[in-house]
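**Q** Sequence unavailable; structure follows:
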């Protein structure tokens, strides 16, 4: 039986134009899904509502976060940066809140399979979301022992996941952080329930006990370290390779990135903090490159 699927994107106002490119690429290339949900802060709803359509809906933090997490008024936020506070978590910035919203979306939606696409990515090839499934098993990207060799905060994220699930760190040494992340909705719900049984408090409080956490590491560690990879098939093939670090790519470099994609890859991305002209990115992902002068 065909599964029901959805695409989920967490974004915010500074990434709006990049998110528009992602939406255009989804409309052009993606199939096998019922809706594309964009998760944003309430102040950004009006801006992002211009992207809504028959298969695209905006959901805000007010719908997804527990009532006891509150966004500080802008006048009280350091440097104008949005901050969420609560008596049950550490203070949270936008990136941490987005991660919690990505998990919370599973409690809010009904689709069985969820493909998470960040707004600094775009499809460049056709992709049917039913390919995430092999029978009843969901795709899980994992890099063997990748948490040990990554240069970011993976070791901290690994330790946080081990604590969240009360398992040994040796059970979550792999890296699960990638673009175009694929999750089972029911597994997310089970993951959250497991944290609440272990810690006797809301799962959001467990996740946000520190700002050093990764929702991707949590999901992967739960699947492999708690369930023994039940209901999932593992792969090391990325769907969407990313350029993570400066310097910004040239148009020719982006075009080469697309041309050299592995057969299973269907998108590309450039980390949003890297300065990049949106129109240049749009030209590359649509194949409308400027002719050489």
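**A** Cool, the structure landed. What you see is a predicted model; the values in this text were computed from it and never measured. Residues are numbered from 1 along each chain as shown.

**Q** which stretches of the stretch 101-250 of the chain form helices?
**A** For the stretch 101-250 of the chain, the helices defined by DSSP state H, counting those that start in this stretch occupy 146-149, 154-165, 185-199, 203-207, 215-221.

**Q** Of those helices, which stretch is the most buried?
**A** Across the helices of the stretch 101-250 of the chain, averaging neighbours per residue (mean count of other C-beta atoms under 10 Å) puts helix 215-221 on top, at a mean of 26. Just so you know, the C-beta spots here come from the backbone N, C-alpha and C atoms, and that holds for glycine as well.

**Q** which secondary structure elements does that helix contact?
**A** helix 94-108, helix 154-165, strand 181-184, helix 185-199 (3 or more C-beta pairs under 8 Å, 6 or more residues apart in numbering; DSSP states H and E).

**Q** Skipping adjacent residues, who's closest to the spatially most central residue of the chain in space?
**A** In the chain, the centroid-proximal residue (C-alpha atoms, centre = their mean) is residue 116; its distance is 4.5 Å. Spatial nearest neighbour of residue 116, chain neighbours left out: residue 181 (4.2 Å); criterion: C-beta to C-beta, 6 or more residues apart in numbering.

**Q** Could you report the separation of the one you found from residue 194?
**A** 19 Å (C-beta to C-beta, to the nearest Å).

**Q** again, but for residue 267
**A** On the measure of C-beta to C-beta, residue 267 and residue 194 end up 31 Å apart.

**Q** tell me the contacts of the residue nearest to residue 116?
**A** Residue 181 makes contact with 115, 116, 141, 216, 219 under the criterion C-beta atoms under 8 Å, 6 or more residues apart in numbering.

**Q** cool, residue 72 as well?
**A** 82, 83, 84, 85.

**Q** what does residue 46 give?
**A** Residue 46 touches nothing, counting by C-beta under 8 Å, 6+ apart.

**Q** and if you look at residue 5?
**A** 32, 33, 34, 111, 112, 113, 114, 115, 129, 130, 132.

**Q** what's the pLDDT at it?
**A** pLDDT for residue 5: 98.

**Q** before we move on, what about residue 291?
**A** For residue 291, pLDDT reads 42.

**Q** just residue 276 next, same as before
**A** Residue 276 is given a pLDDT of 86.

**Q** now residue 198, nearest residue through space, not along the chain?
**A** residue 166 (4.8 Å).

**Q** Could you double-check that the one you found lies in contact with residue 200?
**A** No. Applying C-beta atoms under 8 Å as the test, residue 166 and residue 200 come out as separate, 11.7 Å apart.

**Q** okay, the two: which has more neighbours?
**A** residue 166 (12 against 9; other C-beta atoms under 10 Å).

**Q** where's the more buried one relative to residue 187, distance?
**A** From residue 166 to residue 187 the distance is 18 Å (C-beta to C-beta).

**Q** Now do the contacts for residue 117.
**A** Residue 117 sits in contact with 7, 8, 9, 22, 26, 179, 180, 240, 267, where contact means C-beta under 8 Å, 6+ apart.

**Q** so who does residue 25 touch?
**A** Taking C-beta under 8 Å, 6+ apart as the test, what residue 25 contacts is 122, 123, 124, 267, 285, 286.

**Q** try residue 101
**A** 10, 39, 61, 64, 65.

**Q** ok, now with 6 Å
**A** 10, 39, 64 (C-beta atoms under 6 Å, 6 or more residues apart in numbering).

**Q** confidence score at it?
**A** In this prediction residue 101 is given a pLDDT of 97.

**Q** neighbouring contacts of the helix or strand of the chain with the lowest mean pLDDT?
**A** Every helix and strand in the chain was compared by mean pLDDT, DSSP states H and E; the lowest is helix 146-149, with a mean of 79. Helix 146-149 is contacted by residues 154, 158, 173, 174, 175 when judged by C-beta under 6 Å, 6+ apart.

**Q** Give the bridge partners for the nearest residue to residue 97 once chain neighbours are set aside, please.
**A** Leaving out its chain neighbours, the residue that sits closest to residue 97 by C-beta to C-beta, 6+ apart is residue 84, at 5.3 Å. Note on residue 84: beta-bridge partners by DSSP bridges are residue 71, residue 92.
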